[in-house]
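Chemist: Build me a structure from this.
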Amino acid sequence: MSSNIVTTEAVPSSVLHASLAIQPPNIVRADGNHFHTSTGTTIFDASGGAAVSCIGHNNARVKRAMQRQLDNVEYCFAPHFTTDAYERLAKFLVDSTDGQLTKVFVTGSGSEAIEACVKMARQYCVEKGEGQRTRFIARDRSYHGNTLGSLDVSGHKARRTIYEPMLAHNTSHVSPCYPYRDLLAGETIKEYVARLAQELEDEFQKVGPETVCGVIFETMAGLTLGAVAPVPGYLKAMKQVCERHGALFILDEVFAGMGRTGSLHAWQQEDVVPDLQTVAKALGAGYAPIGALLVGSRVVDVLAKGTKAFVHFQTYHGHPLACAAAYEVQQVIQDENLVANCRQKGDYLGEQLKARLGDHPNVGDIRGRGLAWALELVKDKVTKEPFPVSKKVAPTIHAVGLRQFGIAMLPGGGVVDGTSGDLIVLAPAYTVSREDVDLIVQRTATAIEHVLGRASTTKL
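Modeler: Modelled structure (predicted):
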């Protein structure tokens, strides 16, 4: 056992963990791509936590920047004051869009960024004199956060169910862009896009085009759908429907943004620009809780001519320490050319996953972009029938990976219908090498094969 690791006594935890029945591994140290536990084991972090730790753990440069900020000002109330840290991060984000989004509101998380986003969309409509616009359109099996407001626009059935009576129910949901299951036999991508655009148009007509504030989509679906990148032309077609009806086009890049998909903003690969955008996870890389709402000039101009204020604030919005950490994270990404590495190693990760697991009878689809990849696990590869929910296939693979093979992955469920359908998602740091990718693929495949058997057999 490493002398740097302190083993804690087995005492009852006062923490309300995700499961009251399971005590998770206690991480006492982290560096680079590795977690070190109180029992002396080492775990390769192939998921970035929840696609967060994009520059790896324990980065000395970011820690120094945080210490400098602590030496200056640790906190002030953003509605009353500003700080160099907030101003610097906001300018970086605006510049990163080539000025196509012109203002930034920094929050404490992705869920809070979505809350700010839907409020901003509503205020924009009111100040335009269109107070009848109170609705949103989102996608089925989407995820936008766990607060009541962000959960209302989410299409994650399992996370919504218990709270349904408390939700606003001013959001309706259309089909996701999910060609693995939804592309029809003989249908071209162009025809598929046209069908999804017509479905969105039909939804506008159903609820009343004049009632819709905006349409909110994940630029690239995250854990809920499993690293599904938009097909060519899809987002552009969706934006055209929004423009036809005067609704805002909103992109949630909490998962996909800040380099994860191989460009700093995922929409930069899609020939579209959103009116509102959210980012979070890779913004601060886990060094401090942070998210942000980026606002386009279309919205800013209306507020500037009206109230000249955003009717929303939070105690910790614009937090100086979080802003300082996030800014330095982004400088590391730039200086070390990590977005390019994300593209290159992401391509290699996809190739190696397909080579090792593409023929496995229970791996139905391997998909991704940049350093976000998913394996959709199925009971029958031909029919795409999912495993029964009771089998808990993805959680079991995740647990086996942690316990026996020293790898942290992201298990997902509900991809088929909101309840059934298993996923394993990989989202390692942008700093990974080819050797790291080889290790990720080997350990991921070994964990899957341990639970489901090798290519010639199926255990479940």
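Chemist: from memory residue 30 sits against residue 36, does it?
Modeler: Yes. At 6.8 Å, residue 30 counts as touching residue 36 under the criterion of C-beta atoms under 8 Å. C-beta coordinates here come from the backbone N, C-alpha and C atoms, glycine included.
Chemist: Confirm for me that residue 379 is in contact with residue 364.
Modeler: No. Contact between residue 379 and residue 364 fails when scored by C-beta under 8 Å: they sit 9.2 Å apart.
Chemist: thinking again about what came up before, tell me which of residue 30 and residue 36 has more neighbours.
Modeler: Counted by other C-beta atoms under 10 Å, residue 30 and residue 36 do not tie: residue 36 has more neighbours, with 21 against 17.
Chemist: Can I take it that the more buried one is in a strand?
Modeler: Yes. Residue 36 forms part of a strand when assessed by DSSP: H, G, I helix; E, B strand; the rest coil.
Chemist: how about the helices of the stretch 251-400 of the chain, start to end?
Modeler: Using DSSP state H, counting those that start in this stretch, the helices of the stretch 251-400 of the chain run over residues 281-284, 297-305, 320-335, 338-357, 393-404.
Chemist: Comparing those, which comes out most buried?
Modeler: For those, the largest average neighbour count (mean count of other C-beta atoms under 10 Å) is found in helix 281-284, namely a mean of 30.
Chemist: from the chain's centre, how far out does it sit?
Modeler: Centroid displacement of helix 281-284 relative to its chain, using C-alpha atoms, centre = their mean, to the nearest Å, is 10 Å.
Chemist: one step back: identify whichever of the helices of the stretch 251-400 of the chain lies nearest to residue 429.
Modeler: Ranking the helices of the stretch 251-400 of the chain by proximity to residue 429 (C-beta to C-beta) places helix 338-357 first, at 8.5 Å.
Chemist: so what does the closest one touch, helix or strand wise?
Modeler: Helix 338-357 sits against strand 363-369, strand 372-377, helix 434-452, with contacts defined as 3 or more C-beta pairs under 8 Å, 6 or more residues apart in numbering; DSSP states H and E.
Chemist: Pull out the buried residues from the last one.
Modeler: Okay, so that is helix 434-452. By 16 or more other C-beta atoms under 10 Å, the buried positions in helix 434-452 come out as 436-437, 439-441, 443-452.
Chemist: what's the lowest-mean-pLDDT helix or strand in the chain in contact with?
Modeler: Here the helix or strand of the chain ranked lowest by mean pLDDT, DSSP states H and E is helix 157-160, holding a mean of 90. Here helix 157-160 makes contact (C-beta atoms under 8 Å, 6 or more residues apart in numbering) with 141, 143, 146, 151, 154, 167, 413-414, 417-419.
Chemist: Surely residue 89 is in contact with residue 326?
Modeler: Yes. Residue 89 is in contact with residue 326 according to C-beta under 8 Å; the separation is 5.6 Å.
Chemist: Now the helices of the stretch 251-400 of the chain in JSON lines, please, with extra columns for distance to residue 22 and mean pLDDT.
Modeler: JSON lines is the format used below for these (distance: least, C-beta to C-beta, whole Å; pLDDT from 0 to 100):
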{"stretch": "helix 281-284", "distance to residue 22": "24", "mean pLDDT": "98"}
{"stretch": "helix 297-305", "distance to residue 22": "44", "mean pLDDT": "97"}
{"stretch": "helix 320-335", "distance to residue 22": "30", "mean pLDDT": "98"}
{"stretch": "helix 338-357", "distance to residue 22": "27", "mean pLDDT": "98"}
{"stretch": "helix 393-404", "distance to residue 22": "9", "mean pLDDT": "97"}
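Chemist: Mind giving me the packing neighbours of whatever helix or strand residue 89 lives in?
Modeler: Assigned by DSSP states H and E, residue 89 belongs to helix 84-96. Counting contacts by 3+ C-beta pairs under 8 Å, 6+ apart, helix 84-96 is packed against strand 101-107, strand 291-296, helix 320-335.
Chemist: let's see it at 6 Å
Modeler: Under the contact definition 3 or more C-beta pairs under 6 Å, 6 or more residues apart in numbering; DSSP states H and E, helix 84-96 sits against strand 101-107, helix 320-335.
Chemist: and these as a markdown table, adding distance to residue 132?
Modeler: As requested, these are exported to a markdown table (distance: least, C-beta to C-beta, whole Å):
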| stretch | distance to residue 132 |
| --- | --- |
| strand 101-107 | 25 |
| helix 320-335 | 37 |
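Chemist: of those, which approaches residue 216 most closely?
Modeler: That would be strand 101-107 among the helices and strands packed on helix 84-96, by C-beta to C-beta, at 15.4 Å.
Chemist: which parts of the closest one are buried?
Modeler: Using 16+ other C-beta under 10 Å as the test for burial, strand 101-107 gives 101, 103-107.
Chemist: With stretch 258-275 instead?
Modeler: For stretch 258-275, by 16+ other C-beta under 10 Å, it's 258-270, 272-275.
Chemist: hang on, the earlier thing: could you identify the most distant pair in the buried residues of strand 101-107?
Modeler: 101 and 107 (15.3 Å).
Chemist: low-confidence ranges in this protein?
Modeler: 1-10, 455-460 (pLDDT under 70).
Chemist: do that again at 90, thanks
Modeler: Scanning the chain for pLDDT under 90 picks out the ranges 1-12, 18-22, 156-158, 223, 454-460.
Chemist: Of all residues in it, which one is nearest the centre?
Modeler: Most central in the chain under C-alpha atoms, centre = their mean is residue 255, positioned 1.8 Å from the mean C-alpha point.
Chemist: distance of residue 272 from residue 240?
Modeler: As judged by C-beta to C-beta, to the nearest Å, residue 272 and residue 240 stand 10 Å apart.
Chemist: make that residue 19, sorry
Modeler: 45 Å.
Chemist: How much space separates residue 199 from residue 251?
Modeler: Residue 199 is 19 Å from residue 251, by C-beta to C-beta.
Chemist: Which one's more surrounded, the two?
Modeler: Taking neighbours as other C-beta under 10 Å, residue 199 and residue 251 compare with residue 251 leading, 29 against 12.
Chemist: so what's that one up against?
Modeler: Residues in contact with residue 251 (C-beta atoms under 6 Å, 6 or more residues apart in numbering) are 219, 267, 274, 277.
Chemist: which residue sits closest to it, ignoring its sequence neighbours?
Modeler: Excluding its sequence neighbours, the residue lying closest to residue 251 (C-beta to C-beta, 6 or more residues apart in numbering) is residue 274, at 4.0 Å.
Chemist: Give me the phi and psi for that neighbour.
Modeler: With angles defined as degrees, to the nearest 10, residue 274 sits at phi -80, psi 160.
Chemist: Also residue 192?
Modeler: Residue torsions, per degrees, to the nearest 10, at residue 192 are phi -60, psi -50.
Chemist: Quick one: residues contacting it.
Modeler: Listed by C-beta under 6 Å, 6+ apart, the contact set of residue 192 reads residue 183.
Chemist: Repeat that for residue 27.
Modeler: Contacts of residue 27 (C-beta under 6 Å, 6+ apart): residue 35.
Chemist: still on that earlier bit, what comes up buried for the helix holding residue 89?
Modeler: Residues 85-86, 89-90, 92-94, 96 are the ones in helix 84-96 that count as buried (16+ other C-beta under 10 Å).
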